[in-house]
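K.L.:
Sharing a model prediction with you, sequence too.
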Amino acid sequence: MASILKALKSQVGRKILTGITGVGLIVFIIFHLATNLQIFGDVHAFNEAAYTLESMGWLLYILEAGLAIAFLLHAYIGISIWWNRRKARPKGYEKYQTKGGPSHQTWAARSMIFTGIVLLVFLVIHIDTFKFGATEMVTLPSGEEARDLKGLMISTFQQPIWAFGYTAVMLLLGFHLGHGFWSAFTSLTMKHNQYSALIYTVGVIFAILMAVGFLIIPLYIYFGGGCEAALIQCQ
């Protein structure tokens with residue numbers, strides 16, 4: 001704990017913590033998308049995947065606690081860096097530039113604080129809706145009783161405000177990841193002039209894949225008629 005507090009007071013330490021938490025969150029996003037895409041599997045695939053996670057017991061609580069710390073630490077550092085830069089910048093100063101090399105001061109880079117706050121608020125709503133939302137129980141092929149999270153997802157995304165609201169937030173996630181991927185790896189001293197552009201390109205491709213992967217789920221459910229959709233069957 002003392003080392004973390006010390007790092008938070010150092011510019012280099014904050015960059016390293018931002019990189020570490022950023023990479024950790026990237027790994028989580030990949031895993032979360034892989035789980036969510038089980039909605040397109042057989043009738044029990046999604047609920048079986050969710051049940052497997054919930055069956056981890058205390059280990060799941062530890063992972064969730066670590067994930068919560070990573071999210072909060074990442075958000076705190078990001079907001080504090082933005083606030084300190086804002087205070088240090090002369091009033092009305094709007095010019096952006098980099099110290100050599102290709103510039104990455106795109107709209108995605110300049111809006112990181114905005115997209116980050118939106119994603120943080122969305123995360124709270126997402127957890128309240130899907131993790132703590134009321135569900136019925138279903139019987140899996142193994143005979144185990146599990147929460148019908150698939151049914152909850154389908155009924156939720158059949159509502160326009162959820163289907164299109166979720167889609168809009170996933171587009172913002174794409175913008176955040178597009179710059180965040182590059183920033184995370186460069187914060188961990190992995191930046192080299194000859195590889196900087198490549199890392200940024202990989203980050204953009206990764207961001208597009210993640211955003212599209214997440215947003216096709218609510219759109220498919222909504223426009224595909226939910227339970228009548230060919231690849232999403234009712235329990």
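P.N.:
Yep, that arrived.

K.L.:
State the mean pLDDT of the one helix or strand A50 maps to.
P.N.:
Using DSSP states H and E, A50 maps to helix 45-54. When pLDDT is averaged along helix 45-54, the result is 95.

K.L.:
wait, what's in contact with the most centrally placed residue in the chain?
P.N.:
Centroid-nearest residue in the chain, with CA atoms, centre = their mean: I29, separated by 5.0 Å. Contacts for I29 (CB atoms under 8 Å, 6 or more residues apart in numbering) come out as 173, 177, 210. C-betas here are computed from N, CA, C, even on glycine.

K.L.:
Most neighbours among the residues you listed, which one is it?
P.N.:
Highest neighbour count within the contacts of I29: L177, with 26 neighbours (other CB atoms under 10 Å).

K.L.:
which sections of this protein are below the confidence cut-off?
P.N.:
Scanning the chain for pLDDT under 70 picks out the ranges 1-9, 12, 89-105, 189-194, 225-235.

K.L.:
rewinding a little: ok, residues contacting the helix holding A50?
P.N.:
Here helix 45-54 makes contact (CB under 8 Å, 6+ apart) with 35-36, 38-39, 60, 138, 140-142, 144, 146-150, 153, 235.

K.L.:
Show me what counts as buried in that helix.
P.N.:
Buried residues in helix 45-54, counting neighbours by 16 or more other CB atoms under 10 Å, are found at 46-51.

K.L.:
which one of those is nearest Q158?
P.N.:
Among those, F46 lies closest to Q158 (CB to CB), at 15.7 Å.

K.L.:
got the contact list for G203?
P.N.:
Listed by CB under 8 Å, 6+ apart, the contact partners of G203 are 177-182, 185.

K.L.:
returning to that earlier point: confirm the residue nearest to the centre of the chain sits in a strand?
P.N.:
No - if the criterion is DSSP: H, G, I helix; E, B strand; the rest coil, then I29 is helix and not within a strand.

K.L.:
Strands of this structure, residue ranges please.
P.N.:
In the chain, the segments counted as strands under DSSP state E are 137-139, 145-147.

K.L.:
Could you point out which of the ones you listed sits nearest Y76?
P.N.:
The nearest among the strands of the chain, by CB to CB, is strand 145-147 at 32.1 Å.

K.L.:
what lines up beside that closest one in the sheet?
P.N.:
Strand 145-147 pairs in its sheet with strand 137-139 (antiparallel), by DSSP bridges.

K.L.:
Which positions within the strand it pairs with qualify as buried?
P.N.:
Buried residues in strand 137-139 (16+ other CB under 10 Å): V138.
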